[in-house]
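Enquirer: Here is my input, please return the structure:
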Amino acid sequence: MAQVTRIRKIGNSYGIILNRRLLDALGVGENDKLYPVKLADGIKLTPYDPDFEQAMESNRDYMRRHRNALRKLASR
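Expert: Coordinates of the predicted model:
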């Protein structure tokens, strides 16, 4: 899927234009958000917010550790 895209000036900002095939492969469309993630060898564009995923995993761990207390709170 190696392809070249150019950086273009859009108003006072810069942007890149992604072709339809790449957008379909990412599962995104117009007005969807992409999150850039800096890697050792470049940047990854993903439709999933890595900060949100980290927070959710932290919450899952908390819920596993405090399962009994959460059940008692839910039954009240």
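
Enquirer: got a list of what Gly15 touches?
Expert: Residues counted as contacts of Gly15 (Cβ atoms under 8 Å, 6 or more residues apart in numbering) are 7-8. Glycine gets a C-beta too; all of them are placed from N, C-alpha and C.

Enquirer: Where do the helices of this protein begin and end?
Expert: Chain-ordered helices for the chain, with DSSP state H as the definition, fall at 20-26, 50-65, 67-74.

Enquirer: Could you dump the ones you listed into TSV and include mean pLDDT, distance to Lys9 and mean neighbour count?
Expert: Formatted as TSV, the helices of the chain follow (pLDDT from 0 to 100; distance: least, Cβ to Cβ, whole Å; neighbours: other Cβ atoms under 10 Å):
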stretch	mean pLDDT	distance to Lys9	mean neighbour count
helix 20-26	87	21	12
helix 50-65	80	28	10
helix 67-74	87	52	9
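
Enquirer: Output the ones you listed in JSON lines, with distance to Asp32 appended to each entry.
Expert: Converted to JSON lines, the helices of the chain look like this (distance: least, Cβ to Cβ, whole Å):
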{"stretch": "helix 20-26", "distance to Asp32": "8"}
{"stretch": "helix 50-65", "distance to Asp32": "15"}
{"stretch": "helix 67-74", "distance to Asp32": "33"}
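
Enquirer: Right, I'll leave it there.
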